[in-house]
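Q: can you look at this prediction? I've put the sequence above it.
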Amino acid sequence: MARHLGSHDAGESGGEVGCVVGGDGGSGHTQCPVALTRGDAVAIEDPCFLASIGTLKANSFRAVPMDIDASGITPQGLLRALESGVRAIICTPRAHNPTGVSMSADRAAILGSILAEFPHVLVIEDDHFSAVSSNRYCRLAPMSTTRWALVRSVSKFLGPDLRVAVVASDLDTGIRLSTHLRSGANWVSHLQQRLSAELLSDPKVFDGLADARAVYERRRTLLKSALSEHDIEVPDTFDGLNVWVPLDRDSAPIVDRLAESGWLVRDGSQFSAASGSMTSV
């Protein structure tokens, strides 16, 4: 498990401690409740992962949206959130759900320089697609950040029944997380830990993951090409399991029409971190 956390350039995170958590581990599900209190403001990408919205609502945190573009979180969006007084930031460094955007090295450097002025803000990076991402991991948190966590779950690529994730973090966050996990309801199944460790140690599994990465990329490209034939353009910079389709009109009627034709797509407004609708599917 430690090797998985240290692979794919995760060593650049400057990790001090490691921990194994249950669930999918992503989106700050575990880190936010142990590091924040009710009413705290948390910056999240807009649009963002559905579970992030659910986590904030369940813990009475206040969501502060950050705009994203083809290179990740925008500098203006991050600075605006930090200046508003957020206590934590949750981001997806690659294969962002739902847009598929991955943070570029140049953008990560710019955002890191901004974060350096706010060293006590907790930075949580949810690298959920790590082993099957087509893009390199670029760290968001600068070395001056005092509270941070890099989360890598295995459910996206080893199977949804393996609800295990590994977390690298600063010492204080690691201690808080370990203390939280000691209580009976939060223990992590040893069976799932051993199975995950065995799979992550098997070279044949990584050969299969490479094949899966190629298949995902081919399917995204096929869908993008098919949409392009109908003058529906999709951004080139995408990764992961989704294809985000920007529209020039309200998406709800389109979602309904597609459903009537047997196509299941999600309305982009469901992923909105702010109030209001999004014209995307």
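A: Alright, I've got the coordinates. Numbering: from 1, shown residues only.

Q: residues of the longest strand seen in the chain that come out buried?
A: In the chain, assigned by DSSP state E, the strand with the most residues is strand 62-69. Of all the residues in strand 62-69, those buried under the rule 16 or more other Cβ atoms under 10 Å are 62-68. From N, CA and C alone the C-beta is placed, and that goes for glycine too.

Q: just the CA atoms of that strand, as PDB, please.
A: What follows is strand 62-69, C-alpha atoms only, in PDB (Å, rounded to 0.1, in the frame of the first residue of the first chain):
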ATOM      1  CA  ARG A  62     -19.900  26.000   4.000                       C
ATOM      2  CA  ALA A  63     -19.000  25.400   0.300                       C
ATOM      3  CA  VAL A  64     -17.000  28.100  -1.400                       C
ATOM      4  CA  PRO A  65     -16.700  27.400  -5.200                       C
ATOM      5  CA  MET A  66     -13.500  27.800  -7.200                       C
ATOM      6  CA  ASP A  67     -13.800  28.100 -11.000                       C
ATOM      7  CA  ILE A  68     -11.800  25.600 -13.100                       C
ATOM      8  CA  ASP A  69     -10.600  25.600 -16.700                       C
END
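
Q: and of the buried residues of strand 62-69, the nearest to residue 85?
A: Closest approach to residue 85 among the buried residues of strand 62-69 (Cβ to Cβ): residue 64, at 8.7 Å.

Q: show me what the closest one is bridged to.
A: residue 43 (DSSP bridges).

Q: ranges for the strands of the stretch 151-281 of the chain?
A: Using DSSP state E, counting those that start in this stretch, the strands of the stretch 151-281 of the chain run over 164-169.

Q: need the helices for it, in chain order.
A: 155-158, 171-182, 190-200, 203-228, 252-260 (DSSP state H, counting those that start in this stretch).

Q: redo these as a markdown table? Include distance to residue 47.
A: Listed next are those as a markdown table, based on distance: least, Cβ to Cβ, whole Å:
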| stretch | distance to residue 47 |
| --- | --- |
| helix 155-158 | 18 |
| helix 171-182 | 27 |
| helix 190-200 | 30 |
| helix 203-228 | 18 |
| helix 252-260 | 15 |
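
Q: before we move on, the earlier item: who's in contact with the longest strand of the chain?
A: 39-48, 53, 56, 73-74, 76-78, 80-81, 84, 86, 89, 96, 99, 101, 272-274 (Cβ atoms under 8 Å, 6 or more residues apart in numbering).

Q: now do the contacts for the residue most central in space within the chain.
A: For the chain, residue 92 is the residue whose C-alpha lies nearest the centre (Cα atoms, centre = their mean; 3.2 Å). Residue 92 sits next to 45, 49, 125-128 when contact means Cβ under 8 Å, 6+ apart.

Q: low-confidence ranges in the chain?
A: Within the chain, the ranges that satisfy pLDDT under 70 run 1-16, 23-31, 183-186, 237, 275-279.

Q: any idea how far residue 271 is from residue 180?
A: 28 Å (Cβ to Cβ, to the nearest Å).

Q: which of the two has more neighbours?
A: Neighbour tally, residue 271 and residue 180, criterion other Cβ atoms under 10 Å: the higher count belongs to residue 271, 22 against 16.

Q: could you report the neighbour count for the closest residue to that one other than its chain neighbours?
A: Leaving aside its sequence neighbours, residue 271 sits nearest to residue 47 (Cβ to Cβ, 6 or more residues apart in numbering; 3.7 Å). Close neighbours of residue 47, defined as other Cβ under 10 Å, add up to 24.

Q: any idea how far residue 100 is from residue 47?
A: From residue 47 to residue 100 the distance is 11 Å (Cβ to Cβ).

Q: rewinding a little: of the contacts of strand 62-69, buried ones?
A: Buried, going by 16+ other Cβ under 10 Å: 40-48, 53, 56, 73-74, 77-78, 80-81, 86, 89, 96, 99, 101, 272-273, out of these.
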